[in-house]
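Asker: Okay, predicted coordinates and the sequence, questions at the end:
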Amino acid sequence: MTDTPQALLLENEQLRRELGQARAELEDFTHSVSHDLRASLRHVNAYVHIIKEDLGEQTPVAVAAHLDTVSQAARQMGRQIDGLMELARLTRVELQLSTVDVAQLVDDTCTALAPALAARTIEWQIAPDLPALRCDAALLRQVLTHLLSNAVKFTAARAVAEIHVSWQSTDNGQCALTVADNGAGFNPQYTDKLFHAFQRLHGAREFEGLGMGLALTRKIVERHGGMVWAKGIPDAGCSVSVTLPMA
């Protein structure tokens with residue numbers, strides 16, 4: 001039996017109310033997580049500082065090392081809270097769609113990374129015909145920053161790092177944008193873990209970071225109706241591709 005226009009309107013109104021309620025609950029949850037967890041971290045850091053002051057120069061070396069570990073763990077948790085807050089923000093932020101010059105954004109991102117790469121030899125190979133996309137420019141800048149920063153980070157051990165930015169049109173008319181490198185790569189058995197929060201395929205001593213960049217990338221791309229995937233081989237580089245609407 002076909003729904004009447006009135007029934008469809010009522011159903012849509014109900015869905016809007018439920019969506020609004022879900023967003024409000026998410027807002028309350030993220031505020032509580034941020035406020036309450038940060039308050040606990042402030043207490044941890046404050047008491048570490050108090051203990052160090054009370055012990056002064058008499059602090060045993062082993063105790064000082066333990067206190068430093070506690071402080072480092074608290075700072076790490078603070079960064080993780082920041083990452084979760086950013087992930088939650090991306091879920092509810094309103095997209096500001098426009099026609100975006102991808103070539104210019106890639107150039108801007110490479111320029112922003114350059115000061116930290118003065119001692120590195122990097123061969124950038126960027127497609128000369130990158131198309132314009134229909135997306136949120138600020139969020140696409142985040143995606144490019146995450147992907148290019150990762151490529152730079154995971155090629156650190158290479159005498160000459162090779163980073164490629166290419167694209168191709170998909171069957172449904174979207175742009176598949178790919179960033180590839182000749183860096184550390186990864187075991188393809190664990191590909192699915194790459195795009196979840198705090199999932200790392202390399203040890204923290206090898207490569208710093210929270211493991212949030214690709215999770216944030218996935219959220220941004222999905223908000224645009226796109227997909228993201230990665231291919232890699234241990235010690236033989238990797239590529240990460242995202243699909244986004246063409247302008």
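Answerer: That came through, no problem.

Asker: Going by residue numbers, what spans are helices in this structure?
Answerer: Assigned by DSSP state H, the helices in the chain fall at 5-55, 61-92, 102-113, 137-154, 213-223.

Asker: Dump these to a markdown table, plus mean pLDDT and distance to Arg120.
Answerer: Any C-beta I mention is one placed from the backbone N, CA and C, and that applies to glycine too. Formatted as a markdown table, the helices of the chain follow (pLDDT from 0 to 100; distance: least, C-beta to C-beta, whole Å):
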| stretch | mean pLDDT | distance to Arg120 |
| --- | --- | --- |
| helix 5-55 | 77 | 34 |
| helix 61-92 | 82 | 25 |
| helix 102-113 | 94 | 10 |
| helix 137-154 | 93 | 8 |
| helix 213-223 | 92 | 19 |
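
Asker: Please convert the ones you listed to TSV, extending it with mean neighbour count and distance to Ala127.
Answerer: Shown next, in TSV, are those (neighbours: other C-beta atoms under 10 Å; distance: least, C-beta to C-beta, whole Å):
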stretch	mean neighbour count	distance to Ala127
helix 5-55	12	38
helix 61-92	14	27
helix 102-113	16	8
helix 137-154	21	13
helix 213-223	21	19
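
Asker: care to break this structure down by domain?
Answerer: As assigned by automatic domain parsing, the chain contains the domains 5-92, 97-245.

Asker: Next, the distance between the ends of the last one.
Answerer: I take that to be domain 97-245. 10 Å (C-alpha to C-alpha, to the nearest Å).

Asker: who are the neighbours in contact with Val102?
Answerer: Listed by C-beta atoms under 8 Å, 6 or more residues apart in numbering, the contact set of Val102 reads Leu130, Pro131, Ala132, Leu133, Leu140, Trp167, Cys175, Leu177.

Asker: Who wins on neighbours among those?
Answerer: Leu177 (27 neighbours; other C-beta atoms under 10 Å).

Asker: distance of that residue from Pro128?
Answerer: Distance of Leu177 to Pro128, given as C-beta to C-beta, to the nearest Å: 14 Å.

Asker: cool, Ala64 as well?
Answerer: Counting by C-beta to C-beta, the gap from Ala64 to Pro128 is 56 Å.

Asker: likewise Leu95?
Answerer: 28 Å.

Asker: of these two, who's got more company?
Answerer: Between Leu95 and Pro128, counting by other C-beta under 10 Å, Leu95 is the more crowded of the two (12 against 5).

Asker: Enumerate every residue touching the more buried one.
Answerer: Cys135, Asp136, Leu139, Arg223, His224.

Asker: what's the pLDDT at the closest residue to the second one other than its chain neighbours?
Answerer: Setting aside the residues directly before and after it, Asp136 is nearest to Leu95 in space (C-beta to C-beta, 6 or more residues apart in numbering), at 4.7 Å. At Leu95 the predicted local distance difference test score is 90.

Asker: In space, what's closest to the residue positioned nearest the centre of the chain - neighbours in sequence excluded?
Answerer: Nearest to the mean C-alpha position of the chain, by C-alpha atoms, centre = their mean, lies Gly213 at 2.2 Å. Distances taken as C-beta to C-beta, 6+ apart place His146 nearest to Gly213, at 3.8 Å, with adjacent residues excluded.

Asker: Pull the contacting residues for that neighbour.
Answerer: Gly213, Leu214, Leu216, Thr217.

Asker: For it, give its distance to Phe195.
Answerer: On the measure of C-beta to C-beta, His146 and Phe195 end up 11 Å apart.

Asker: Which neighbours do the two have in common?
Answerer: Leu214, Thr217.

Asker: so Asp101 touches Ala132, yeah?
Answerer: Yes: with contacts counted by C-beta atoms under 8 Å, Asp101 reaches Ala132, the gap being 5.9 Å.
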